[in-house]
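S.K.: structure of the sequence below:
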Amino acid sequence: MGSVAENYQAVPKIEVPHSDHKDLEGFTECFRYPLRGLVEENAPPSDSRLHGNDSVKSDLAHTPGAICCNTRCRPRSRITKLPTYVSRSMYHVLFGTKLCWLLLCVPVAVIGVSFGVLGHGWIFLLSLLGMAPLAERLGFVTEQLSFSTGSTVGGLLNATFGNATEMIICIMALRKNMIRVVQLSLLGSILSNMLLVLGCAFFFGGLKHTHQDQKFNKVTAQVSSSLLLMAVMGLLFPAVLHATGTELQMGKSELALSRFSSIIMLVAYIAYLYFQLKTHRELYDSEEDSDEYDGASDDDEVLLGFWTSIGWLTILTIFISLLSEYLVDAIEGASNLWNVPIAFISVIILPIVGNAAEHASAVMFALKDKMDISLGVAIGSSTQISMFVIPFCVVIGWSMGTHMDLNFELFETATLFITVLVVAFMLQEGTSNYFKGLMLILCYLIVGASFFVHVDIPDAHRAYLPHIRL
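M.R.: Residues are numbered from 1 along each chain as shown. Coordinates of the predicted model:
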């Protein structure tokens, strides 16, 4: 009889709630249990922060009169939990940044274009301002997604989506055959990150830590400088080849060299990712730096699940693509209205607004004496654009039938070459101070003034490029 009693107790009991008050409390308690995976299946344990805590489960097990929810209760629970889950994810994504008020520019720009009530100047300005918070939130969602995929895949995602805004703008411009806008905007992003972002990080970090120079990993800085010099080589040869008039075939040789060099640069960038994320990962992600980074930012908290992050990435990409198309269509009209050269708008104005979130992050980490992270934001972004985004645009233009090449013209290429040399000399010692930052900022002012008085006159050979078939 004892064994029968034990077997009888082992059988799960299903209690029917009576009119007793405690039993009703147990019955309602089952609906408070955080049903993980109901909204997004196989969601990580971090999603429990949005639905509740695992302690509710243990409390439910010890609640007098509690019953187990059967399958009939679950569909109703899914429906009741969905509005709360969606509202909380919207709060974290839309209102989790100080730039959230700029999101109001997005619907205004859409209404202005749809009904034609705004001119090119207002459309350009609203699209530019609305893109700043969208780009920052895209980086936030990508970081949340990396928590669910692991460090290796997360690094690849950050490398891919880190400059997604620039890539989308370039693709929209390539569709309209606006090659110079693509080239100038990408060049401006590189110059802005290397001179303005890095200069502000060195300057403000040095002012706060004046007692001694701030230090960073000299080895990783030298690797990034080498990649930037390789990118300059890929851009310099087509420009010099055309400027000297030594092409074997007018236009065709330059275009073929650009496409070949772009493929080589993409291969080098893939090898760099393998070097950074696999074989020499300890140089970029040491335990000491990881612990410091975990305690330095509140954004390390997991707030979104895997499928939620995928959904928000899709939504943000759609709106960035829409604003990018508005931006490209209005850039020429805004240039004529404001009497500002397109080269200045593309090289100076677009990168400053588009990379506003990166600027703030680099300065914030520099103030906390986390110079490796600041360097990764500034120089890492420049490396991604020069070694991945630029050759990627050449390949995409090739597939579109658009003759995008690496000939950024002699003035622009010379500016990039000198900038990379200046930054490489600044990084070779592995230390930074406010004076180095001031020099970089002043160099950026010289570059900005140069492009303000520079008139971009595309060479005549580009008129013959549409007739070339390779």
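S.K.: the helices in the stretch 351-470 of the chain, which residues?
M.R.: Ranges of helices in the stretch 351-470 of the chain, per DSSP state H, counting those that start in this stretch, are 356-367, 371-384, 390-400, 410-427, 434-452, 461-464.
S.K.: let me know which of the ones you listed is tucked in deepest.
M.R.: Scoring the helices of the stretch 351-470 of the chain by mean neighbour count under mean count of other C-beta atoms under 10 Å gives helix 371-384 as the most buried, with a mean of 25. C-beta coordinates here come from the backbone N, C-alpha and C atoms, glycine included.
S.K.: what's the neighbour count on the closest residue to Ser89 other than its chain neighbours?
M.R.: Of all residues not flanking Ser89 in the chain, Thr308 sits nearest, at 5.4 Å (C-beta to C-beta, 6 or more residues apart in numbering). Thr308 has 25 neighbours, counted by other C-beta atoms under 10 Å.
S.K.: and for Ile318?
M.R.: Ile318 has 11 neighbours, counted by other C-beta under 10 Å.
S.K.: and the helix or strand harbouring it, which residues are buried?
M.R.: Taking DSSP states H and E as the definition, Ile318 sits inside helix 306-338. Neighbour counts over helix 306-338 (16 or more other C-beta atoms under 10 Å) mark 306-309, 311-313, 316-317, 319-320, 322-331, 334-335 as buried.
S.K.: give me phi/psi at Met404?
M.R.: Phi and psi for Met404, reported as degrees, to the nearest 10, are phi -70, psi 130.
S.K.: where do the strands sit along the protein?
M.R.: Applying DSSP state E to the chain gives strands spanning 214-215, 431-432.
S.K.: would you mind finding the most buried of those?
M.R.: Of those, strand 431-432 is the most buried (mean count of other C-beta under 10 Å), at a mean of 22.
S.K.: just the residues contacting that strand, thanks.
M.R.: 201-202, 205-206, 213-216, 371, 426 (C-beta atoms under 8 Å, 6 or more residues apart in numbering).
S.K.: nearest to Ala132 among these?
M.R.: Ala201 (18.8 Å; C-beta to C-beta).
S.K.: tell me the pLDDT at the closest one?
M.R.: Confidence at Ala201, expressed as pLDDT, is 90.
S.K.: one more: the one 4 residues further on?
M.R.: pLDDT, the model's per-residue confidence, is 90 for Gly205.
S.K.: does it really touch Asp369, like I thought?
M.R.: Yes. If you go by C-beta atoms under 8 Å, Gly205 and Asp369 touch, sitting 7.0 Å apart.
S.K.: from Ile111, how far off is Arg180?
M.R.: According to C-beta to C-beta, to the nearest Å, Arg180 stands 30 Å off from Ile111.
S.K.: and these two? Which one has more around it.
M.R.: Arg180 (17 against 13).
S.K.: the more buried one contacts Glu412, doesn't it?
M.R.: No. Between Arg180 and Glu412 there is no contact under C-beta under 8 Å: 9.7 Å.
S.K.: which one of the contacts of strand 431-432 is nearest Leu174?
M.R.: Within the set of the contacts of strand 431-432, Ala201 lies nearest Leu174; the separation is 31.9 Å, counting by C-beta to C-beta.
S.K.: which residues touch that closest one?
M.R.: Neighbouring residues of Ala201 by C-beta under 8 Å, 6+ apart: 362-363, 365-366, 371, 374-375, 377-378, 432, 437.
S.K.: could you rerun that using 6 Å?
M.R.: 362-363, 366, 374 (C-beta atoms under 6 Å, 6 or more residues apart in numbering).
S.K.: and those, which two are the farthest apart?
M.R.: For the contacts of Ala201, the farthest-apart pair by C-beta to C-beta is Val363 and Ser374; their separation is 7.6 Å.
S.K.: now Val302: how far from Tyr91?
M.R.: Distance check for Val302 against Tyr91: by C-beta to C-beta, it reads 15 Å.
S.K.: neighbour count: those two, which is higher?
M.R.: Val302 (16 against 12).
S.K.: which parts of this protein belong to which domain?
M.R.: Structural domains of the chain, as assigned by automatic domain parsing, span the residue ranges 2-87, 140-467.
S.K.: local confidence estimate at the nearest residue to Leu227 once chain neighbours are set aside?
M.R.: Excluding the flanking residues, the one nearest Leu227 by C-beta to C-beta, 6+ apart is Thr383, at 5.1 Å. Predicted confidence (pLDDT) at Thr383: the value is 90.
S.K.: how near is Thr383 to Met426?
M.R.: Applying C-beta to C-beta to Thr383 and Met426 gives a distance of 16 Å.
S.K.: equivalent analysis for Ile123, please.
M.R.: From Ile123 over to Met426 the distance is 39 Å, taken as C-beta to C-beta.
S.K.: same check, this time on Gln222
M.R.: Counting by C-beta to C-beta, the separation of Gln222 from Met426 is 12 Å.
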